[in-house]
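**Q** missing the sequence, but the structure's below:
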């Protein structure tokens, strides 16, 4: 059983460092002791198998030990970070949470809720089979959150043969499938997980230098901010071996600059979907925006230019929406792709394509051109309804230095006309103050 394998790894690597968080260093033996402490506490609180349990917090030794204890206790786990606080009530209702364990103040506050998880078919199946579950949240094209239910055992099965030991910085969020993938791979492989308390570029660089971090999994938005901040110049980042990025399209100009600055670092694109997990993948030899997804556990097909995936680690289903799977088990990811043999390149979400008079415009293609210009901090391209053309291309841009907005808009349009067909050139350009990304370091594409 995959959980037994994890316990065996904790014993096998008992003297090695498992987790570093602030000034706390835990060996694998310390982590094992902490897991047992939480198992005892769960028993005292009468939280048993099948209990739907929300864990509110961020990365810490206690939060990771509590997740593992909850798996061993065969609970259904709902991890939530403070970033989602405005949605807590909705998420707890959707997941039919019965117990809330709040670690935000450094000690665990226990509370109970009146909920009936057995009324949901998927939750009832997990409870009756005594299988640990995981519930994560994602927004569909409508913007309404969907509760994604996983069998945690199936999700963990991919780590059975994890063997590459790295010092990894857990940058991706605690309640995100890619964040979960990061720390479980580290623990199964006997690696060392460095847990951040901040995702400020200076703080991340400081952690890399201090703990000789080898792997940084992050997003293109953060990597762009890192380059713009120039904090990488102030710290010794020579320990870095691998930087992985995912969750959104990498701007070509940002990728080229990363390669120039971090010449000895492998820069690798990863792919993951909340509903499916994060498959193993391989980047192209000359262009890491092309990837080949692990065909042993994740089968792929392209339907009308959109990626479909089939895997045994797929979610059981949505708790609050119809099944998105075809009758033969394929999941439509909604990602538009290009294909070159066994490799694919993600162009962006199908729902984000802008239809201009019957012509398709991928926002990332226009963004790549704008990033080539001087004085660009961030850019988001999107479509706006138009009575004549159907939609027009618009761009929001934040600048590194102040520039007169009307003159900048003229400069941007002239530059784009030299690089793009006329229908792809932004018609409306807005210079904005402040960030164009979310607290999760993804582009803010939904326009208000």
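**A** Looks like it arrived, so ask away. All values derive from a computational prediction rather than experimental measurement.
**Q** buried stuff in the helix or strand that contains residue 203?
**A** For residue 203, the host element (DSSP states H and E) is helix 201-211. Within helix 201-211, the residues that count as buried by 16 or more other CB atoms under 10 Å are 201, 204, 205, 206, 207, 208, 209, 211. Every C-beta, even on glycine, is put in place using the N, C-alpha and C of the backbone.
**Q** Ok, stretch 271-288 next?
**A** Neighbour-count burial for stretch 271-288 [16+ other CB under 10 Å]: 271, 272, 273, 274, 275, 276, 277, 278, 279, 281, 283, 288.
**Q** Then stretch 134-150?
**A** In stretch 134-150, counting by 16+ other CB under 10 Å, buried: 134, 135, 136, 137, 145, 146, 147, 148, 149, 150.
**Q** And stretch 10-28, by the same measure?
**A** Within stretch 10-28, the residues that count as buried by 16+ other CB under 10 Å are 10, 13, 17, 18, 19, 20, 21, 26, 27, 28.
**Q** and of those, the nearest to residue 110?
**A** Comparing the buried residues of stretch 10-28 against residue 110 with CB to CB places residue 21 closest, at 22.2 Å.
**Q** Can you give me the distance of that closest one to residue 194?
**A** 8 Å (CB to CB, to the nearest Å).
**Q** ditto for residue 168
**A** 7 Å.
**Q** try residue 407
**A** Separation of residue 407 from residue 194 (CB to CB) stands at 45 Å.
**Q** more crowded one of those two?
**A** Set residue 407 next to residue 194 and count neighbours by other CB atoms under 10 Å: residue 194 wins out with 25 against 10.
**Q** Then that one would be within a helix, right?
**A** No: the assignment for residue 194, made by DSSP: H, G, I helix; E, B strand; the rest coil, is strand rather than a helix.
**Q** hey, where'd the helices end up in the stretch 251-400 of the chain?
**A** 252-261, 363-371 (DSSP state H, counting those that start in this stretch).
**Q** per-residue pLDDT, the nearest residue to residue 139 once chain neighbours are set aside?
**A** Excluding the flanking residues, the one nearest residue 139 by CB to CB, 6 or more residues apart in numbering is residue 145, at 5.7 Å. Listed pLDDT for residue 145 reads 89.
**Q** give the contact list for residue 145.
**A** Counting by CB atoms under 8 Å, 6 or more residues apart in numbering, residue 145 makes contact with 87, 90, 91, 94, 137, 138, 139.
**Q** can you do 10 Å?
**A** Residues in contact with residue 145 (CB atoms under 10 Å, 6 or more residues apart in numbering) are 84, 87, 90, 91, 94, 137, 138, 139, 320, 321.
**Q** How about residue 66?
**A** Applying CB under 10 Å, 6+ apart, the residues near residue 66 are 34-35, 37-39, 41-42, 53, 55, 57, 60, 73, 77, 79, 101, 103, 108.
**Q** what's the next secondary structure element after the helix or strand harbouring residue 148?
**A** Secondary structure from DSSP H and E places residue 148 in strand 145-151. Going down the chain from strand 145-151, the next helix or strand is helix 152-156, by DSSP H and E.
**Q** could you point out which element follows that next one?
**A** strand 167-169.
**Q** quick one: the next helix or strand after that next one to strand 145-151, angle?
**A** Once the chain leaves strand 167-169, the next helix or strand it forms, by DSSP H and E, is helix 177-189. Using axes from the mean of the first three to the mean of the last three CA atoms, to 10 degrees, one finds that helix 177-189 and strand 145-151 are set 20 degrees apart in direction.
**Q** one step back: can you check which residues contact both of residue 168 and residue 194?
**A** The contact lists of residue 168 and residue 194 share 186, 213, 214, 215, 216, where a contact means CB under 10 Å, 6+ apart.
**Q** would you turn those residues into TSV with pLDDT?
**A** Output for the shared contacts of residue 168 and residue 194, formatted as TSV (pLDDT from 0 to 100):
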residue	pLDDT
186	96
213	98
214	98
215	98
216	98
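**Q** Just the ones of those in strands?
**A** 215, 216 (DSSP state E).
**Q** with the shared contacts of residue 168 and residue 194 in mind, which one is nearest to residue 173?
**A** residue 216 (14.5 Å).
**Q** Could you count how many residues lie near the closest one?
**A** Neighbours of residue 216 under the rule other CB under 10 Å: 26.
**Q** Please name the bridge partners of it.
**A** As for beta bridges, residue 216 partners with residue 243 under DSSP bridges.
**Q** Understood, closing this out.
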